[in-house]
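S.K.: need coordinates for the following:
(one chain, ligands or ions: 1)
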Amino acid sequence: MPVEEFDVVVAGGGPAGSTVASLVAMQGHRVLLLEKEVFPRYQIGESLLPSTVHGVCRMLGVTEELAEAGFPTKRGGTFRWGARPEPWTFSFAVSSRMTGPTSFAYQVERARFDEILLRNAQRKGVEVREGCSVAGVIEGDERVAGLRYTDSDGGEHEVRARFVVDASGNKSRLYSSVGGTRNYSEFFRSLALFGYFENGKRLPAPNSGNILSVAFDSGWFWYIP
Ligand SMILES: Cc1cc2nc3c(=O)[nH]c(=O)nc-3n(C[C@H](O)[C@H](O)[C@H](O)COP(=O)(O)OP(=O)(O)OC[C@H]3O[C@@H](n4cnc5c(N)ncnc54)[C@H](O)[C@@H]3O)c2cc1C
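M.R.: You can find the predicted model right below:
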């Protein structure tokens, strides 16, 4: 079987993978991105910051596509947190560096957001292969020289590259194939639960798209419209 060669091969097509792949391809390099799922796929984690929307997404060229997607606009955050029970609100526009048209972000559905970024990577020249699960790395002379992956038909492949990016997310164990370990904080031994609710109430305008964070005796929650 012929072994393909690229300048960069990326494992994982979430925001990290599609962003790095796009930015490298936009510099004229040959990039392969391997994603085990077929998009759109579910993912948790949706509350963005202005620097993502007006910085990274602008560099990627998806600002207009995001604006047209109709995601709720987030002007800041509202907290019920601290010594007093009254909620308080911060606005991104409070910062003199963000006042004006870039003082907002979005609350996104990650399945849609991640697909926008992945399809944009394809348009930027990245070779995107979905349904391709990375199984491990190819080791060269004291460095990683490529990846081994299985395609959706069960076919096994090897691809070599000058640089390999692991953007396979927090559930992946790809790092362990290069001797990596993950150290969890002893201090933050916490448990997170999440769920989705229909017809949830919103804060009054203009803060209806804000994230709401509330502390209570045994923990805290945040609520994302
Ligand atoms: C409960 C919860 C709430 C969160 N809320 C927020 C929030 O509000 N705002 C925020 O910014 N962040 C939030 N996060 C964090 C956010 O989800 C992550 O930071 C983000 O998804 C990381 O992006 P990523 O591209 O690194 O990885 P991922 O989004 O996990 O993408 C990794 C990709 O790699 C693919 N993959 C995995 N293994 C392989 C393999 N072997 N071969 C090929 N592909 C593979 C996966 O299918 C996936 O598509 C939250 C996280 C949790 C758990």
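
S.K.: what's the longest strand in the chain?
M.R.: The strand that spans the most residues within the chain, counting by DSSP state E, is strand 156-166.

S.K.: how does this protein divide into domains?
M.R.: What the record gives for the chain is the domain set 1-72+107-168, 77-97+194-225, from automatic domain parsing.

S.K.: just name the most buried of these.
M.R.: domain 1-72+107-168 (a mean of 18; mean count of other C-beta atoms under 10 Å). Bear in mind the C-beta positions are built from the backbone N, C-alpha and C, glycine included.

S.K.: what average pLDDT does that domain get?
M.R.: For domain 1-72+107-168, the mean per-residue pLDDT is 96.

S.K.: that one near the ligand anywhere?
M.R.: Yes: counting by C-beta under 6 Å from any ligand atom, contacts between domain 1-72+107-168 and the ligand involve 11-17, 34-37, 43-47, 133-134, 167-168.

S.K.: of all the domains of the chain, which one is nearest residue 178?
M.R.: Residue 178 lies closest to domain 1-72+107-168 among the domains of the chain, at 6.0 Å (C-beta to C-beta).

S.K.: tell me the spacing between residue 179 and the ligand.
M.R.: Separation of residue 179 from the ligand (C-beta to the nearest ligand atom, to the nearest Å): 17 Å.

S.K.: quick one: neighbours of that residue, just the number.
M.R.: Residues near residue 179, counting by other C-beta atoms under 10 Å, number 6.

S.K.: quick check: the residue with the largest distance to the centre of the chain vs residue 215, distance?
M.R.: Distance from the C-alpha centroid of the chain, by C-alpha atoms, centre = their mean, peaks at residue 84 (34.6 Å). Between residue 84 and residue 215 the computed distance is 12 Å (C-beta to C-beta, to the nearest Å).

S.K.: give me the contacts around the biggest helix by length in the chain.
M.R.: When the chain is scanned for its longest helix (criterion: DSSP state H), the result is helix 110-123. Counting by C-beta atoms under 8 Å, 6 or more residues apart in numbering, helix 110-123 makes contact with 13-15, 18-19, 21-22, 25, 33, 35, 39-46, 60-62, 65-66, 69, 71, 128, all of which sit outside it.

S.K.: which parts of the chain are strands?
M.R.: For the chain, applying DSSP E gives strands covering 4-11, 31-35, 73-74, 76-80, 88-91, 105-106, 127-130, 133-139, 144-150, 156-166, 211-216, 219-223.

S.K.: alright, that wraps it up for me.
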